[in-house]
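> just a sequence and a predicted model for now, questions to come.
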Amino acid sequence: MKILVAGGAGYIGSVVTRRLQEAGHDVTVLDNLSTGFADNVDGCELVELPISRAGEVLDSSFDVVVHLAASALVAESVAHPERYWQNNVVEGLALLEAMRLAGVGGFVFSSTCATYGEPETLPITEATPTAPVNSYGASKLALDHAIASYSRAHGLAAISFRYFNVAGAYGDLRERHDPETHLIPNLLRGATGGTFKIFGTDFPTRDGSAVRDYVHVLDLADAHEMALEALEPGTHHIVNLGSGDGTTVKEVLAAVEKVTGRSVPAEEHDRRPGDPPELVADYARARELLGWSPKRGLEEQIADAWAALHP
Ligand SMILES: NC(=O)c1ccc[n+]([C@@H]2O[C@H](COP(=O)([O-])OP(=O)(O)OC[C@H]3O[C@@H](n4cnc5c(N)ncnc54)[C@H](O)[C@@H]3O)[C@@H](O)[C@H]2O)c1
Ligand SMILES: O=c1ccn([C@@H]2O[C@H](COP(=O)(O)OP(=O)(O)O[C@H]3O[C@H](CO)[C@@H](O)[C@H](O)[C@H]3O)[C@@H](O)[C@H]2O)c(=O)[nH]1
């Protein structure tokens with residue numbers, strides 16, 4: 001297939017891009033390099049533009065757009081909601097409209113479990129009510145709604161993947177965020193002499209730290225490849241992608257110490273604004289629709305991220 005990967009120079013997008021290329025697809029990356037890196041997509045055509053200018057690239061020869069381009073930090077979205085409405089919603093709507101005008105019929109969107117907010121029951125299915133507690137989740141939910149209406153009215157064949165917490169690396173492709181806010185890269189930094197901060201030790205969880213569901217970036221990339229076969233005109237599927245296992249911050253810390261063989265000194269801090277206590281996926285729909293299940297557990301995620309940092 002001929003595929004445009006928007007946000008393909010970022011962490012997850014670069015792994016998706018490499019895997020799609022390895023599967024024989026013809027891939028072009030559209031990325032403004034705001035948080036991505038050109039050297040993440042060596043060997044692939046990179047168009048350095050914002051998604052609001054996708055109309056300059058798209059034509060009817062493209063089969064599918066995979067859309068990962070976004071601002072994606074919970075805490076930043078609490079402090080600066082305007083950035084999230086602009087980059088994720090205004091820019092995202094422009095991309096959808098460019099696709100409609102160009103006649104591109106397939107869409108795979110990176111949504112998030114942050115659309116569910118603080119759910120009353122776990123694990124989270126796609127029927128769990130959406131009630132985001134931060135502007136990041138709200139902005140992703142807004143685009144999910146827009147996609148649904150484009151699908152109904154214009155026949156768009158779409159899948160919104162609600163990723164849980166993505167971790168791990170694929171060869172040299174790893175998290176290179178600056179500042180880095182994600183848990184596992186920060187723990188790995190703690191293992192090499194930095195200071196690690198635990199945000200929140202008073203959550204109503206088994207050890208007081210927050211529970212998340214960590215899924216390997218390669219498992220995620222597999223799901224994107226499978227999604228290409230599952231796209232149906234006029235249908236918008238919403239699909240959770242997680243491991244089904246919840247792990248506390250303190251448990252992830254212990255796993256990092258085990259995998260690296262180093263101790264991680266930790267300081268206890270207040271909760272980060274906008275952080276829900278517990279998010280765990282039910283991925284039954286991904287299994288039924290795509291035949292997908294996660295193959296790589298937490299220790300493999302940590303080991304791959306560690307190996308990418310210390311080749
Ligand atoms: N990392 C996670 O755990 C996680 C979880 C759920 C959902 N997601 C979603 O997955 C996607 C990728 O996340 P990531 O962790 O790889 O982030 P990232 O910041 O590494 O990648 C985002 C990419 O999009 C590009 N980009 C941003 N705005 C753009 C714009 N307007 N036009 C063109 N390019 C633009 C950036 O330059 C970057 O290359 C995001 O949509 C994010 O919301 C991530
Ligand atoms: O140095 C750190 C970093 C994180 N955490 C905690 O670890 C957990 C996970 O945090 P992080 O890795 O930043 O992920 P989330 O805030 O859960 O957000 C990620 O996962 C979401 C899905 O849960 C995605 O939608 C977002 O894009 C992505 O940033 C949270 O409880 C954090 O407070 C710490 O205690 N110390």
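Nice, I can see it. Ligands and ions are numbered 1, 2, ... in the order given.

> check whether the helix or strand bottoming out on mean pLDDT in the chain contacts ligand 1.
Lowest on mean pLDDT, DSSP states H and E among the helices and strands of the chain sits helix 74-79, with a mean of 92. No. Helix 74-79 does not reach ligand 1 (C-beta under 6 Å from any ligand atom); its nearest approach is 9.7 Å. C-beta here means a position set from N, CA and C on the backbone, and glycine is covered the same way.

> ditto for stretch 21-38
Yes. Stretch 21-38 is in contact with ligand 1 by C-beta under 6 Å from any ligand atom, via Asp31, Asn32, Leu33, Ser34, Thr35, Gly36.

> contacting residues for Leu54?
Just to correct that, residue 54 is Ala rather than Leu. Residues near Ala54 by C-beta atoms under 8 Å, 6 or more residues apart in numbering: Leu4, Ala6, Leu30, Val65, Ala94, Leu95, Ala98, Met99.

> Leu30 too?
Going by C-beta under 8 Å, 6+ apart, Leu30 touches Leu4, Val5, Ala6, Gly7, Gly8, Val47, Leu49, Ile51, Ala54, Val57, Ala69.

> between those, which is nearest Ala281?
Gly7 (21.6 Å; C-beta to C-beta).

> that closest one against Asn32, yeah?
No. Applying C-beta atoms under 8 Å, one finds Gly7 not in contact with Asn32, separated by 9.1 Å.

> shared neighbours of those two, which are they?
Contact criterion C-beta under 8 Å, 6+ apart; residues shared by Gly7 and Asn32: Ile51, Ala69.

> among those two, which residue is more densely surrounded?
Gly7 (26 against 19; other C-beta atoms under 10 Å).

> how much space between the more buried one and His154?
23 Å (C-beta to C-beta, to the nearest Å).

> and the residues of stretch 21-38 next to ligand 1, which of them are buried?
By neighbour count, with 16 or more other C-beta atoms under 10 Å, the residues of stretch 21-38 next to ligand 1 hold Asp31, Asn32, Thr35, Gly36 as buried.

> near ligand 2, which residues of the stretch 1-150 of the chain are found?
Counting by C-beta under 6 Å from any ligand atom, the stretch 1-150 of the chain sits next to ligand 2 at Ala72, Leu73, Val74, Thr112, Cys113, Ala114.

> farthest pair within the residues you listed?
Greatest spatial distance among those (C-beta to C-beta): Leu73 and Cys113, at 14.6 Å.

> any idea how far Asp31 is from Val215?
23 Å.

> likewise for Tyr84?
Note on Tyr84: its distance to Val215, by C-beta to C-beta, is 23 Å.

> looking at the two, which is more packed in?
Shown here are Tyr84 and Val215; by other C-beta under 10 Å, Val215 has more neighbours (28 against 25).

> not counting its neighbours along the chain, what's nearest the spatially most central residue of the chain?
Central residue of the chain (C-alpha atoms, centre = their mean): Tyr163, 5.1 Å from the mean position. Spatial nearest neighbour of Tyr163, chain neighbours left out: Leu241 (5.2 Å); criterion: C-beta to C-beta, 6 or more residues apart in numbering.

> mind listing what that neighbour touches?
Here Leu241 is in contact with Phe161, Arg162, Tyr163, Phe164, Val215, Asp219, Leu220, Ala223, Ala281, Tyr283, Ala286, Trp292 (C-beta under 8 Å, 6+ apart).

> equivalent analysis for Ser110, please.
Counting by C-beta under 8 Å, 6+ apart, Ser110 has contacts Gly7, Ile12, His67, Leu68, Ala70, Phe161, Tyr163.

> and what of Pro119?
Here Pro119 is in contact with Thr128, Pro129, Ala131, Leu279 (C-beta under 8 Å, 6+ apart).

> all helices of the stretch 101-250 of the chain, in order?
135-154, 183-190, 217-230, 249-260 (DSSP state H, counting those that start in this stretch).

> and ligand 1, is the last one touching that?
What that stands for is helix 249-260. No. Contact of helix 249-260 with ligand 1 (C-beta under 6 Å from any ligand atom) is absent, the minimum separation being 13.3 Å.

> hmm, that helix touching ligand 2?
Yes. Using C-beta under 6 Å from any ligand atom, helix 249-260 reaches ligand 2 at Val249.

> just want the angle from that helix to helix 183-190.
For helix 249-260 against helix 183-190, the angle by axes from the mean of the first three to the mean of the last three C-alpha atoms, to 10 degrees is 50 degrees.

> touching ligand 2 at all, the helix or strand just after helix 249-260?
Counting by DSSP states H and E, the next helix or strand C-terminal to helix 249-260 is strand 266-269. No. Using C-beta under 6 Å from any ligand atom, strand 266-269 stays clear of ligand 2, with a minimum separation of 7.6 Å.

> distance between strand 266-269 and the chain's centre?
Remark: strand 266-269 is offset 26 Å from the chain centroid, using C-alpha atoms, centre = their mean, to the nearest Å.
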